[in-house]
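Asker: Got a predicted model here, sequence first, then my questions.
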Amino acid sequence: MTVSITVLDGGLSTALEEVGADIGGPLWTARAILESPDLLEEAHRRFVNAGATVITTASYQCGAHEFARLGLSDRDARRALASTVDVARRATAGTDARVAASVGPFGAVLADGSEYTGRYDVSWEVVERYHREKLEVLVDAGADLLAVETIPLAAEARLVAGILEDLGAPPAWFSFGVDPNRLTYGGDDVGVAVTAVAGYAHLVAVGVNCTHPNVIDEIIDLVGANAPGVPLVAYPNLGRSWNADIRQWSGEISDPFAPDRVAHWAGRGVTMIGGCCGVGPADIARLVATVTPPVT
């Protein structure tokens, strides 16, 4: 069997730090949209040059409301969010790379690490309003697809899928953060989480991201079993854990793109592979070298 792998990019925060951008504060990578869009474009381009064929936008951490908090008018805040797609488009100009608009969990906007717990301490109506307002902008912005990522709760994934259906069901993948106990970061059974979105009308892939590579090794069969016939996506971090108190990653690094590991994933239906936090352009270049020619 020959499997062709679509190579995603890596951690945008990692690439931004490499080019000298400041990503401190609650906007995180989206801060560059306002302060250093040229550096953001360069960070994206470094992943393109490394061989990534899907580039994700700087929209993970916030919606238009978060830009508005900085004093932008509602119209300008929506433009700022939409421009995350425009910057990625400029970085991919002249290539075959596609742009995926990043949609993080509601916890990401809180900037307190709650995307790794699923405990938001707000009403569900607040969560729904946040996602709907953000998705309306990103769907209209013209990305090739959406990356709904690091979702900790099956219910939140189902909510996002429902909103996207209302907006015309654009192409999207859904990926969950998963802990060593085979539960999502919010404590849901992985199979339940995957099943929550497996019926989405235009599902590009379903899988796992921002997770230790070893955990992906162990659960990828479970993911596939609950989404039969659906392509799988895997983009791990470097194996470390996020400490929200000191806002740093800690722990030992694990190689996410060891050839045997990549072959293992590909043999189990993973067709999209990339990296998350800590994975830079050089790591993606290594992945490209591993999957070219395609894994067999």
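Answerer: Alright, I've got the coordinates. Numbering: from 1, shown residues only.
Asker: pLDDT value on the residue nearest to Val122 when sequence neighbours are not counted, please?
Answerer: What sits nearest to Val122 in space, not counting adjacent residues and going by CB to CB, 6 or more residues apart in numbering, is Phe106, at 7.6 Å. No exception for glycine: its C-beta is placed from N, CA and C like everyone else's. On pLDDT, Phe106 comes in at 97.
Asker: and if you look at His202?
Answerer: 97.
Asker: Run a quick neighbour tally on it.
Answerer: A count of nearby residues for His202, using other CB atoms under 10 Å, gives 13.
Asker: What of Pro171?
Answerer: Pro171: 17 neighbours (other CB under 10 Å).
Asker: and what of Val206?
Answerer: 27.
Asker: same check, this time on Arg89
Answerer: Arg89 has 20 neighbouring residues, counting by other CB under 10 Å.
Asker: Grab the nearest non-local neighbour of it.
Answerer: Val99 (5.8 Å).
Asker: and that neighbour, how far is that from Phe47?
Answerer: 12 Å (CB to CB, to the nearest Å).
Asker: what does the model give Asp217 for pLDDT?
Answerer: For Asp217, pLDDT reads 94.
Asker: for the helix or strand where it lies, packing partners?
Answerer: Taking DSSP states H and E as the definition, Asp217 sits inside helix 213-225. Contacts defined by 3 or more CB pairs under 8 Å, 6 or more residues apart in numbering; DSSP states H and E place helix 213-225 against helix 190-197, strand 203-209, strand 232-235, helix 259-266.
Asker: Which strands or helices does the shortest one pack on?
Answerer: The reference is to strand 232-235. Partner elements for strand 232-235 (3+ CB pairs under 8 Å, 6+ apart): strand 172-176, strand 203-209, helix 213-225, strand 270-273.
Asker: so how far is that strand off the chain centroid?
Answerer: The chain centroid and the centroid of strand 232-235 are separated by 10 Å under CA atoms, centre = their mean, to the nearest Å.
Asker: got the buried residues for that strand?
Answerer: 232-235 (16 or more other CB atoms under 10 Å).
Asker: Dump the residues you listed to a markdown table, plus distance to Arg89 and pLDDT.
Answerer: Formatted as a markdown table, the buried residues of strand 232-235 follow (distance: CB to CB, whole Å; pLDDT from 0 to 100):
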| residue | distance to Arg89 | pLDDT |
| --- | --- | --- |
| Leu232 | 27 | 98 |
| Val233 | 22 | 98 |
| Ala234 | 26 | 98 |
| Tyr235 | 21 | 97 |
